[in-house]
Structures are given as structure tokens and as C-alpha cells.
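K.L.:
How does the following fold in three dimensions:
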Amino acid sequence: MESLEQLRDRLLARFPTATVSILANPSPSAEHSLLIDAAHGGEIALFLRDDDALKLDYCSNATGVDWPDREVVDVKKTTVPDPAGGPGKVVEEKTKRFEPGYLEAVYHLYSMALRHGPVILRLRTANRADEVTLPSLTPVWRSCDLQEREIFDLYGIVFAGHPDLRRLLMWDEFKDHPMRRDYVAPDDYEWEPTPHDQVLARAAKHYPPPPAPDVPSADKGASA
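P.N.:
Numbering: from 1, shown residues only. Next comes the predicted model:
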């Protein structure tokens with residue numbers, strides 16, 4: 001199978017208006033991935049499936065990733081010359097910048113026909129708030145169906161073109177998305193009639209205080 005760099009170049013030649021880049025994975029697995037712009041996600045997925053040299057006909061796994069807003073510190077090093085002719089002094093200049101968050105859908109693709117893979121494909125939303133729509137790849141790989149529903153449920157990515165996009169693990173009235181990194185679990189769950197352990201400790205503050213014990217008064221004791 002061709003290298004990821006060759007595949008990226010071939011995709012850019014086939015889709016000249018697309019944005020395709022390689023994201024390096026520094027872990028021991030070194031499973032680098034292709035980041036595809038959402039606008040071309042559907043047609044690039046079809047190409048990956050139908051191209052004779054690729055035939056990536058099976059999506060084994062689709063998952064979501066949450067990347068919250070963050071503050072990035074850039075460090076610029078400059079060398080100040082030494083008037084005495086020494087090696088000079090290295091000075092660090094730090095600047096902070098804000099990097100807005102986003103959500104990702106990550107797909108692991110294999111070819112059952114040619115027995116190669118994986119090719120890891122990433123699609124990224126514009127933000128984590130009101131621009132969270134990506135094209136569904138279920139029409140290309142049927143195995144994405146339930147997995148995209150799970151991503152929608154737990155991360156909040158809306159998959160345009162999905163045949164049955166609804167919650168999979170949580171109930172329909174549930175609020176928020178439990179796999180978001182800033183998600184705060186409620187103190188109690190409406191479906192848990194007998195909370196216990198940590199849930200019970202959090203829920204206790206919402207319960208009414210127990211009634212005061214009925215202690216006989218001194219007068220009642222004397223009359224008896």
C-alpha cells in the first residue's frame with residue numbers, strides 16, 4: 001500500500017480544493033492520520049472506498065474526540081551578543097495565544113479485498129458550540145451507523161445525512177454530552193431510584209432534612 005504522504009498527494013491532486021494534511025502520532029504505535037476538511041469528507045470517503053489501489057471497504061471503528069479551548073504559550077529564543085565577545089546570552093520571549101476548541105470524528109479504515117490498512121481519517125468541526133456538523137460517512141460505510149450515533153450522543157457532533165441520528169446510550173430527554181471534557185455529572189440521576197456511593201453523597205444535599213425525633217417533654221413524663 002502507498003505511504004500516507006503519497007495518499008495525501010494523490011487526494012490533493014484528485015480534489016484540488018480540498019484541505020488534506022497529515023497529523024503525526026508520537027506514540028509507539030505511530031499510527032498517523034489524515035485530516036480532511038469537512039466540506040470534502042463525503043466525496044473523499046467514496047474515493048477511498050472505490051479507488052482500485054485502495055479499496056478501503058471496511059470501517060472498523062469510529063470514535064469522537066473533544067479538544068476544549070486552551071491557552072498556548074509560544075516561546076521564542078533569541079541570542080543577545082556579548083560585548084566582550086563571549087557566546088552571548090539566550091533570552092526567552094513568551095507570548096500567550098488563545099486556541100479555540102473543536103470536536104473530531106476519527107475513522108479507522110481497512111481493505112478486506114486487498115488486506116491492508118489501517119488508514120485513519122479525521123474530520124474536525126469548526127468549534128464546540130454552534131458549528132458542530134460533519135458529513136455522515138454511514139452512506140459510505142454501513143458500519144459507521146451505530147458508532148456515529150454514539151459519537152452524537154456522547155460528544156454532540158451532528159452527522160448530516162445520517163439515516164437515523166438519535167441518542168444511543170442516553171435517553172432522549174438527557175441534556176449535554178457525557179464524554180465532553182468539561183461535562184459535569186448531575187448530583188443525582190432520575191433513573192436511579194436508590195443512589196449509592198459517590199452519587200448518594202452528591203445527592204444528599206438535595207434531600208429534605210430528616211424530621212426531628214419526637215422526644216417526650218418533662219411535663220409529659222411527670223403526668224404519666
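K.L.:
Okay, and the most centrally placed residue in the chain sits in which element?
P.N.:
Central residue of the chain (CA atoms, centre = their mean): residue 65, 1.5 Å from the mean position. Residue 65 belongs to strand 58-67 when assigned by DSSP states H and E.
K.L.:
What lies in contact with that strand?
P.N.:
Strand 58-67 has contacts (CB atoms under 8 Å, 6 or more residues apart in numbering) with 101-112, 117-118, 128, 137, 141, 143-144, 147-148, 150-151, 154-155, 157, 179-181. All C-beta spots, glycine's among them, are computed from the backbone N, C-alpha and C.
K.L.:
at 6 Å what do you get?
P.N.:
Residues outside strand 58-67 that contact it (CB atoms under 6 Å, 6 or more residues apart in numbering) are 101-110, 112, 141, 143-144, 147, 151, 155, 180-181.
K.L.:
Can you flag the buried ones in those?
P.N.:
The neighbour count (16 or more other CB atoms under 10 Å) marks 101-110, 141, 144, 147, 151, 155, 180 as buried among these.
K.L.:
And what about the spatially closest residue to residue 14 that is not a sequence neighbour, helix, strand or coil?
P.N.:
Of all residues beyond its chain neighbours, the one nearest residue 14 is residue 47 (6.3 Å), with distances taken as CB to CB, 6 or more residues apart in numbering. With DSSP: H, G, I helix; E, B strand; the rest coil as the basis, residue 47 sits in helix.
K.L.:
same check, this time on residue 164
P.N.:
Note that with three-state DSSP, the state of residue 164 is coil.
K.L.:
Relative to residue 157, how far out is it?
P.N.:
Computed as CB to CB, to the nearest Å, the residue 164 to residue 157 distance reads 15 Å.
K.L.:
Okay, now the unreliable bits of this structure?
P.N.:
188-195, 217-224 (pLDDT under 70).
K.L.:
For it, which segments count as strands?
P.N.:
Using DSSP state E, the strands of the chain run over 20-23, 33-36, 58-67, 70-80, 89-99, 102-111, 116-124, 133-135, 158-160.
K.L.:
now those strands as TSV including distance to residue 198?
P.N.:
Putting these into TSV (distance: least, CB to CB, whole Å) gives the following:
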stretch	distance to residue 198
strand 20-23	36
strand 33-36	36
strand 58-67	23
strand 70-80	28
strand 89-99	33
strand 102-111	28
strand 116-124	34
strand 133-135	34
strand 158-160	32
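K.L.:
Residue 203: which of these is closest?
P.N.:
Among those, the nearest to residue 203 by CB to CB is strand 58-67 (26.4 Å).
K.L.:
The nearest residue to residue 152 once chain neighbours are set aside: neighbour count?
P.N.:
Once flanking residues are discounted, residue 152 sits nearest to residue 165: 5.7 Å by CB to CB, 6+ apart. If you count neighbours by other CB atoms under 10 Å, residue 165 ends up with 18.
K.L.:
Over to residue 165: give its phi and psi.
P.N.:
Phi and psi for residue 165, reported as degrees, to the nearest 10, are phi -80, psi 110.
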